[in-house]
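>>> Let's see this in three dimensions:
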Amino acid sequence: MTKHFRFALLVTTLLSASLSLLLLAGPNDVRAATDIFAASTRQEQSQAPKSGRIQTIQFESKLVGKTLPYNVLLPVDYEQPGAKAKHYPVLYLLHGFSGHHDNWTTKTKLSDYAAQYSMIIVTPEGNDSWYIDSATVPSDKYEKYIIEELIPDVQRRFRVSAVREARAIAGLSMGGYGALKFGFKHPEMFAFAGSLSGAISAAMWGEKELSPGPIRESLLQTFGPADSSTRVANDVPRLAREFSSKPKAALPFLYIDCGTEDFLFKDNRDFMQLLAELKIPHEYRQLPGTHNWKYWDTQVQEVLRIASRIFSEPASKAKTAAP
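Next comes the predicted model:
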């Protein structure tokens, strides 16, 4: 096993003091946690002041048939005369359930954290779409929107590099699920996919697992009935198993982390173990924390660090990261 491959398979495990946390809720216990899940992404932290480096684009989506705004956080040197010919790597950062496109720039210190990195950050509007094309609402084509409309529009408006090695995607909760899904379904588009507190098994959550409420309604509307082809096509663990027989270098590098007090902790830990069994390169971290903005404000810094590292790797190295 080469040194680089060992690094690619790095699993960083930071155990908390209580082993009982290993018994935290997973998909079968989601019913008891749905109220927390719905509320957590709405929690207000101190509102970060809007930076002059942040632009809001009011994008008219033909696929979805509505205005889907997105924020763009520019590097500190973007407008400097010496950078006018420079093209930057780009990180797409997805919000969670009940959230919106401005969450990352108002609920965290993202602008401050990003100032040390030479990258453009885009925070799209995903509503409660789970970032897929809906099984029941024909106009809710949010996966196609991200791939076919948003990314091309960003490339037209801003000086972003259009190559796969300079494009990453990450997100929290619903957005963490979405980022991993995009990584597996569109590996030719992304060099890195990261998930914070990801709802990794969302495609398989059905009526029995969920109590009545907005999450249940959203999942049933978006993914359809339990036996729908939409659920199968967007089930992240199944996508990982399907990819296990393909060249690992074709996948983006995967990053997963979750708080040990998070009700999705067991779900994330189980997925890490699956990736290890399939020998899919990834990095996993578990840290004290729960499903809230305090945790995501801390961990988005790790996403930025890893994305910057991936962007700095030569294209030839990225293509041969694993056998």
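
>>> how far does stretch 79-93 stretch from start to finish?
22 Å (Cα to Cα, to the nearest Å).

>>> whoops, stretch 69-86 was the one
For stretch 69-86, the separation between the terminal residues is 25 Å (Cα to Cα).

>>> who does Tyr70 bridge with?
Each beta-bridge partner of Tyr70 is listed here, defined by DSSP bridges: Ile57.

>>> Let the chain start at 733 from now.
Done: numbering now begins at 733, and the last item shifts to Tyr802.

>>> Please report the distance of it from Pro1020.
Between Tyr802 and Pro1020 the distance, using Cβ to Cβ, to the nearest Å, works out to 32 Å. Any C-beta I mention is one placed from the backbone N, CA and C, and that applies to glycine too.

>>> quick one, strands of the stretch 883-1032 of the chain?
With DSSP state E, counting those that start in this stretch applied, the stretch 883-1032 of the chain shows strands at 899-904, 924-928, 985-991, 1014-1019, listed in chain order.

>>> So for the second one, mean pLDDT?
For strand 924-928, the mean per-residue pLDDT is 98.

>>> Give me the longest helix you can find in the chain.
Longest helix in the chain, counting residues (DSSP state H): helix 1025-1044.

>>> and it, what does it pack onto?
Using 3 or more Cβ pairs under 8 Å, 6 or more residues apart in numbering; DSSP states H and E as the contact criterion, the secondary-structure elements in contact with helix 1025-1044 are strand 822-826, helix 835-839, helix 842-846, strand 899-904, strand 924-928, strand 985-991, strand 1014-1019.

>>> For the longest one, output the C-alpha coordinates as PDB.
Backbone C-alpha positions of strand 985-991 (Å, rounded to 0.1, in the frame of the first residue of the first chain) are rendered in PDB as follows:
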ATOM      1  CA  PHE A 985     -12.200  12.800  -2.400                       C
ATOM      2  CA  LEU A 986     -14.900  12.400   0.300                       C
ATOM      3  CA  TYR A 987     -15.000  14.100   3.700                       C
ATOM      4  CA  ILE A 988     -17.500  13.200   6.400                       C
ATOM      5  CA  ASP A 989     -17.900  14.500   9.900                       C
ATOM      6  CA  CYS A 990     -20.600  14.500  12.600                       C
ATOM      7  CA  GLY A 991     -21.000  15.500  16.200                       C
END
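
>>> who does that strand pair up with?
strand 924-928 (parallel), strand 1014-1019 (parallel).
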